[in-house]
Structure formats: C-alpha cells, structure tokens
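S.K.: what's the 3D shape of this:
(one chain, ligands or ions: 1)
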Amino acid sequence: MFEKILIANRGEIACRVIETAKRMGIKSVAVYSEADKNARHVAMADEAWLLGPAPAKESYLKGDLILEIAKKSGAQAIHPGYGFLSENADFSRACEAADIQFIGPPATAIDAMGSKSAAKEIMQEAGVPLVAGYHGENQDADYLQAQAFSIGYPVLIKATAGGGGKGMRVVWNNDEFADSLASCKREALASFGDDKVLVEKYLTKPRHVEIQMFADTHGNALHLFERDCSVQRRHQKVIEEAPAPGLTPEQRSAMGDVAVKAAKAIGYVGAGTVEFLFDEDGSFYFMEMNTRLQVEHPVTEKITGQDLVEWQLRVASGQPLPCSQDQLTINGHAFEARIYAEDPDQDFLPATGRLNHLATPNTNDHVRIDTGIRQGDEVSVHYDPMIAKLIVWDHDRDAALARLRGALADYQIVGLKTNLEFLSQLAAHDGFNEADLDTNFISRYQEELFPEKASISDELLAVAALYTMLQQKDRGDQFVADNADPFSPWDSTQGWRLNEDNHHHVTFVDKDSLVEYPVVVHFRSPDFLIELESGEWSVNGSMNDKEVSINFNGRQFKSSVIESGHDLNIFISGKEFALSVKQEGLSDDDDQGAANLTAPMPGTIISVMVNAGDKVESGQPLLVMEAMKMEHTIKAPADGIVSEVLYNEGDLVGDSAELVVFEAESKD
Ligand code: ADP
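M.R.: Below is the predicted model of the structure:
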C-alpha cells in the first residue's frame with residue numbers, strides 16, 4: 001500500500017479522499033490555487049503545495065507541475081478526484097512515465113471511453129445494448145439528416161466530445177434538423193474544440209440508471225449495484241438515490257452483467273460507472289462510461305457499507321478487489337442531494353458569494369455531509385458552485401426520504417443564493433415520494449416545484465419584531481452594564497420614554513417582493529404588544545445566540561435569525577425568509593442607485609467607460625460586464641460623480657460585488 005498520495009483536486013472530493021487516506025494511515029499531499037489557500041482540503045492534508053493563480057488552467061489543470069510536486073513531496077500515487085485531470089489520458093500517461101501511480105484506469109481505457117461515438121462502437125462490438133442511432137464518421141449534414149429520418153423522430157444530436165450536459169439538441173421533426181445540427185455543432189466547437197456529433201433516438205420518458213463497477217489488475221471485475229440519477233436540471237443530476245426504485249433483481253443483475261462486460265471489453269481497472277438510459281418498458285441502453293469516481297458515489301457506499309476510495313487505493317496499489325460479487329448485498333436506501341450555489345428561479349444560474357452563515361444538520365449513521373466549504377468561505381466564479389453533498393440513509397426509501405426532508409430543513413446558508421429550498425420542494429413532492437421518476441421530472445412538475453413565494457406571515461413579522469426589540473434591549477443592557485447609574489430612568493432598557501407611551505416603529509421589507517410591512521412595538525414588560533396590519537398581538541419570548549423562542553397567538557416555536565447589516569434572514573420550520581429593516585431617511589431612489597452599481601451576477605468586466613472623478617448623467621453607461629455569455633451595462637442611477645471605479649477591464653467579479661462608488665448630485 002502507498003505511504004503517501006497526492007490529491008490533484010479541491011473541494012469536497014479532495015477532503016473525501018484525504019479522510020480515507022487518514023483512516024488507512026496514508027499521508028496526504030494537497031495542492032491548491034491562490035484562491036484556495038485557506039480551503040478545508042488544504043487544512044486537512046498533511047502538507048499542501050501552491051499551484052498558482054485561481055483559474056483552473058493556471059492551477060488544478062497543470063499536470064506537469066502537479067507531477068513535479070508529487071516527486072518533490074515523495075507521493076507515490078495521484079488521486080485525480082473527478083473533473084480537472086481525472087479523465088485526461090495524457091495525464092495518466094505522464095504519471096506512468098514519471099513512475100507515479102495514477103489512481104484510475106489505464107490511459108487506453110480513458111481514451112476508449114473519451115469519445116461518446118467511439119465508446120458506442122466498442123460497446124456495440126461487445127454486444128452491449130445501444131439506443132438506435134448513428135455514431136459513425138460521416139458528418140455531412142444531409143447524411144446525418146437522412147440518418148435521423150430513418151431512426152425516427154424525436155432524435156437527439158450529441159457532441160461526441162460532450163460532457164456536463166452541453167452540446168445536446170433534441171430534434172422533434174425533419175424541418176428542425178438542419179438548424180439544430182448547426183447550433184449543436186457551434187456549441188460543441190466552442191465548448192470542446194471538436195464539432196463531431198452523433199445522432200440517436202431520443203427517449204421521451206427514460207430514467208437515468210447507472211451501474212457502479214470496479215475491476216482490479218488480477219482480472220476480477222464486479223458491480224456494486226445501481227444508482228438512479230433521473231432527477232436532473234439542464235441534463236445535470238440534482239438528487240441521486242440507490243437502489244433504483246422498482247428495479248427487479250433480474251433487471252439489476254442484467255444491467256450489472258452488461259456493465260462488467262463493458263469494463264472487460266476495454267481492459268478496465270479501478271472505479272468506473274456505466275450509464276444507461278432505462279426505458280419505460282424495462283429495456284436499457286448504454287449511454288456512456290465515466291472512467292473515474294462519480295460525485296454520487298456516497299449513495300453506493302451507504303447501501304453496500306463499502307468505502308470506494310479505499311477500494312481505489314487498494315486496486316491502484318496492486319491488491320485484488322476486497323470482495324467478490326456474492327459478498328455484496330444491498331442494505332436499505334440512500335439519497336444524495338447536491339447543494340449548489342445557484343438560483344433555481346433563474347434557470348439554475350450559478351451564484352457566487354461568501355457563506356456568512358452556515359448551520360448544518362447533525363451527522364451520524366443516517367446523515368453524512370461531504371463538503372470542502374466552511375462558514376466564511378467564498379464560492380467563486382473559478383470552480384464548480386457545489387457547496388456540499390447531503391447524503392442520508394435508512395432502512396427503506398420512505399424512511400430515507402423522511403431523513404432527507406429533515407436534514408434539508410436543518411440546513412441553513414446565508415450570504416448567497418442556493419438551491420436548498422428547491423431541494424426541499426423536490427424531497428416533499430408527491431411524485432418524488434411515489435418514485436414517479438424520469439429525466440423530465442423537474443420540467444413535468446415545474447409549477448409545483450417552483451411555487452409562488454409565500455407571503456410574509458404575521459408569525460414571521462412577530463419573530464422579526466421580537467428579535468429586533470430583544471437585540472436592542474441586549475445592546476442597551478450591555479451599554480448600561482458598561483456605564484452609569486443602575487437606578488437612573490435614563491438607563492432603563494424597557495423602552496422608557498418621557499411623557500410618551502413607550503413604543504417603537506420599525507418597517508420590515510420583504511427582500512423578494514420589496515413590499516413594506518410597518519410594525520409598531522409597545523413595551524409591556526415583560527411582554528411586547530405588536531401592532532400589525534391584521535391587529536394587535538401580545539408576544540413574548542427569549543433569545544439565545546441566533547435562536548429566538550417565541551410565544552405568539554397560542555403557539556410556542558423556535559426560529560433562527562441571522563442578522564447581517566440591515567438584513568434579517570429568518571428560518572422557521574426549515575423555510576427561509578429574507579427581510580431588511582428599512583432605514584429611515586433613505587429614499588427609494590438612493591436604494592436603487594446603490595443596487596444598480598453592483599454586479600447582477602458573477603462575470604467579467606469587458607469595458608470601463610468612466611474614470612474616478614467623472615461627472616455623469618443619469619442613465620449614462622459606466623461599465624459593461626459579460627456574464628453567462630450575456631452583456632450587462634451598468635448605468636448611472638442619477639446625475640452625479642463617479643468617486644471610484646473598483647475594477648479594470650478583464651477583471652472577474654463576484655455576484656453583487658460593488659463595481660463603482662457613485663455619489664448622486666444632491667437635489668437641493
Ligand atoms: P453528458 O456527458 O453531457 O452528461 P450524457 O450522454 O451522459 O451527457 O447525457 C446526459 C443526460 O441526457 C442523460 O442523463 C439523460 O437525461 C439525457 N439523455 C442522453 N441521451 C438521451 C437519449 N437518447 N434520450 C433521452 N435522453 C437522453
């Protein structure tokens with residue numbers, strides 16, 4: 001077994017590999033970019049080496065530098081994780097040449113599966129079932145259209161070098177074919193530098209079922225059952241589970257056998273996943289093989305009780321597989337939910353920002369969290385926006401799903417947009433409960449999964465008001481403790497006011513709808529009387545750190561309130577609400593002006609049209625940024641002066657980053 005390994009990756013997967021290495025007594029070497037110098041994987045490893053600047057090309061993709069570090073640090077093997085260099089056959093070859101073990105399959109196997117069309121050829125010869133289609137060399141548009149016609153619409157055009165859900169077009173009829181082909185080829189060329197495509201039958205209600213397989217250098221190969229990854233957005237997985245609901249033992253072993261056969265056909269070694277489309281009638285078709293450890297491997301670990309990273313290390317060091325096929329059984333059911341920094345309401349647009357507050361469910365045999373991110377860390381534009389993987393296990397699907405809902409309700413993230421609420425909607429959806437799964441699940445239930453935002457309830461306003469008052473009282477108590485005469489009425493913190501009913505006005509603003517909710521709070525020590533639009537309510541409660549316990553309208557409950565600046569993020573029963581406390585004296589104009597001078601989303605500054613000190617007119621363009629392939633012009637919100645320009649052309653900016661400091665001309 002190795003004594004020291006290098007992990008050529010970052011984030012949760014680097015942490016995941018280091019954990020197993022530690023347990024096995026193997027020393028770990030981390031590598032990191034400048035952006036990751038304080039990252040969790042760096043802190044966890046026995047030693048860590050700087051690669052270079054944040055962009056992956058200048059850091060995590062620098063195979064030569066990584067090999068040099070492996071040599072210098074005395075690491076005998078490199079674990080590539082997933083993404084980055086994990087499916088790069090040249091890197092695997094370079095490792096071999098440098099006499100460092102690549103923890104993954106031989107370069108020939110990576111090559112064989114690297115092209116979707118070449119992989120299909122190989123599988124066809126090995127007798128693995130394929131969706132009807134054309135995956136040959138001829139790329140003539142008319143020829144491909146004739147192929148599509150004979151396959152029968154709808155068809156799917158796929159970039160053979162594609163991945164990550166990019167370079168795919170569904171074509172419903174002959175008239176659409178030519179345009180779809182052209183646009184698919186354009187995207188393929190831009191994303192993968194190769195515009196070759198294949199055409200295949202598009203299944204309208206398939207499930208994505210994949211088999212985890214493993215092979216060693218002694219000629220043994222087996223499978224560790226399947227995962228169902230049908231719940232997808234933009235052809236990318238969101239929630240995975242194992243085993244696949246409703247799969248019969250016969251179907252399972254038939255798919256498992258095919259996966260092992262596929263692996264043997266290419267002389268595979270290590271962990272691999274064979275992905276299938278599983279059709280309504282129970283037939284299944286080879287889609288592609290991923291020659292690495294998958295993001296969703298933990299659900300397989302939970303139902304088999306195996307550590308797949310340990311298996312990888314054993315196999316890479318030349319040991320045989322730890323067990324045989326008949327020693328493996330399925331125990332219970334597991335789910336994995338991918339928690340992403342993204343905005344489900346904007347077609348899952350990736351988001352960036354700092355995790356100002358992070359609270360996670362307790363972990364135990366039922367709940368596991370794989371993450372590389374801690375409170376205070378930043379999700380940047382440079383890497384994948386996944387924050388964590390939440391994995392739950394229980395004896396059956398219903399019980400595991402209840403665990404998932406409970407754990408999601410305990411997850412709190414403040415500071416950037418996440419898909420947490422969307423995941424909760426999914427986990428609570430009847431269709432998902434009934435395992436009515438296929439790859440169009442999310443679009444089919446669009447309306448129910450993206451409900452209108454709940455309006456602000458009296459209960460929520462009562463929590464916000466109580467929190468604000470208790471905070472004020474706390475600060476007041478602190479002030480009194482630090483100062484003055486305890487008997488003076490001037491030092492009372494009960495809201496005492498001379499000649500006046502002791503009360504406060506506060507206006508909360510719903511950050512989504514911008515609707516304002518004025519509230520008046522009267523001190524009726526020890527209670528408060530709260531005036532809302534619906535009437536008057538007597539409220540009492542207490543606060544312990546961020547947790548507010550409240551007694552409101554006959555119900556006692558707890559909620560968490562996270563305050564940052566003038567914002568309150570309130571969590572009640574697993575739901576999050578964002579309010580801001582309106583600052584008296586600030587006009588709406590001022591607010592809008594400020595909002596317009598920040599980046600609407602992460603992106604790159606492509607043009608700066610003003611300099612510090614410039615006098616500008618309302619509406620004048622100040623700078624242009626590009627984000628998600630669209631241009632956004634940042635304009636002056638009013639007549640005024642640009643006091644500072646905070647970025648230059650070519651700079652990357654995070655979501656909501658302040659771009660320009662602007663002073664509006666005073667109106668009088
Ligand atoms: P990528 O490598 O980009 O992830 P895949 O070939 O793995 O692309 O396909 C991704 C997803 O696209 C699948 O999980 C499935 O949902 C859908 N898909 C792929 N091929 C077909 C097909 N022939 N019919 C219907 N859906 C398909």
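
S.K.: near the ligand, which residues of the protein are found?
M.R.: Within the chain, the positions near the ligand by CB under 6 Å from any ligand atom are 131, 156, 162-165, 200-203, 206, 208, 232, 235, 275, 277, 287-288, 439. To be clear about C-beta, it is placed using only N, CA and C from the backbone, and glycine gets the same treatment.

S.K.: those residues, buried ones only, as a PyMOL selection?
M.R.: With 16 or more other CB atoms under 10 Å as the criterion, this PyMOL line picks the buried residues out of the residues of the chain next to the ligand:
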select buried, resi 131+156+162+200+201+202+203+206+208+232+275+277+287+288+439
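
S.K.: what strands flank the longest strand seen in the chain, and is each parallel or antiparallel?
M.R.: The strand that spans the most residues within the chain, counting by DSSP state E, is strand 221-233. Paired neighbours of strand 221-233 in the sheet (DSSP bridges): strand 207-215 (antiparallel), strand 236-242 (antiparallel).

S.K.: after whichever helix or strand Ile78 is part of, next one along is what?
M.R.: Here Ile78 sits within strand 77-79, counting by DSSP states H and E. Using DSSP H and E, the helix or strand that follows strand 77-79 towards the C-terminus is helix 89-97.

S.K.: got the buried residues for that following helix?
M.R.: Ala89, Phe91, Ser92, Arg93, Ala94, Cys95.

S.K.: quick check: closest non-adjacent residue to the fourth one.
M.R.: Nearest residue to Arg93, sequence neighbours excluded (CB to CB, 6 or more residues apart in numbering): Ala107, at 4.6 Å.

S.K.: list the contacts of that neighbour.
M.R.: For Ala107, the contacting residues are Ala89, Asp90, Ser92, Arg93, Glu96, by CB atoms under 8 Å, 6 or more residues apart in numbering.

S.K.: out of those residues, who's nearest Glu658?
M.R.: Each of the contacts of Ala107 was scored against Glu658 by CB to CB, and Asp90 proved nearest at 42.0 Å.

S.K.: need the contact list for Glu58.
M.R.: Applying CB under 8 Å, 6+ apart, we find Glu58 in contact with Ser33, Leu51, Gly52.

S.K.: turn those into a markdown table, including pLDDT, secondary structure and distance to Met609.
M.R.: A markdown table is the format used below for the contacts of Glu58 (pLDDT from 0 to 100; DSSP: H, G, I helix; E, B strand; the rest coil; distance: CB to CB, whole Å):
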| residue | pLDDT | secondary structure | distance to Met609 |
| --- | --- | --- | --- |
| Ser33 | 98 | strand | 32 |
| Leu51 | 98 | strand | 36 |
| Gly52 | 97 | strand | 32 |
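
S.K.: give me the low-pLDDT residue ranges for the stretch 351-500 of the chain?
M.R.: In the predicted model of the stretch 351-500 of the chain, residues 476-500 satisfy pLDDT under 70.

S.K.: what segments of it are strands?
M.R.: 353-354, 357-359, 367-371, 378-379, 386-394, 412-414 (DSSP state E, counting those that start in this stretch).

S.K.: find the closest residue to the ligand in the stretch 351-500 of the chain.
M.R.: Proximity of the stretch 351-500 of the chain to the ligand (CB to the nearest ligand atom) peaks at Thr439, 3.5 Å away.

S.K.: would JSON lines of the strands of the stretch 351-500 of the chain with mean neighbour count be doable?
M.R.: Shown next, in JSON lines, are the strands of the stretch 351-500 of the chain (neighbours: other CB atoms under 10 Å):
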{"stretch": "strand 353-354", "mean neighbour count": "18"}
{"stretch": "strand 357-359", "mean neighbour count": "17"}
{"stretch": "strand 367-371", "mean neighbour count": "19"}
{"stretch": "strand 378-379", "mean neighbour count": "23"}
{"stretch": "strand 386-394", "mean neighbour count": "24"}
{"stretch": "strand 412-414", "mean neighbour count": "22"}
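
S.K.: ranges for the strands of the stretch 151-300 of the chain?
M.R.: In the stretch 151-300 of the chain, the strands defined using DSSP E, counting those that start in this stretch lie at 155-159, 168-171, 197-201, 207-215, 221-233, 236-242, 270-278, 284-290.

S.K.: JSON lines for those, including mean pLDDT and distance to Asn551?
M.R.: Rendered in JSON lines, the data for the strands of the stretch 151-300 of the chain read as follows (pLDDT from 0 to 100; distance: least, CB to CB, whole Å):
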{"stretch": "strand 155-159", "mean pLDDT": "96", "distance to Asn551": "58"}
{"stretch": "strand 168-171", "mean pLDDT": "94", "distance to Asn551": "55"}
{"stretch": "strand 197-201", "mean pLDDT": "96", "distance to Asn551": "61"}
{"stretch": "strand 207-215", "mean pLDDT": "98", "distance to Asn551": "48"}
{"stretch": "strand 221-233", "mean pLDDT": "97", "distance to Asn551": "40"}
{"stretch": "strand 236-242", "mean pLDDT": "96", "distance to Asn551": "37"}
{"stretch": "strand 270-278", "mean pLDDT": "97", "distance to Asn551": "52"}
{"stretch": "strand 284-290", "mean pLDDT": "94", "distance to Asn551": "54"}
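
S.K.: between the buried residues of helix 89-97, which is nearest Ala178?
M.R.: Of those, the one sitting nearest to Ala178 (CB to CB) turns out to be Ala89, at 34.1 Å.

S.K.: compute the distance between the residue nearest to Arg93 and the ligand, please.
M.R.: Separation of Ala107 from the ligand (CB to the nearest ligand atom, to the nearest Å) stands at 20 Å.
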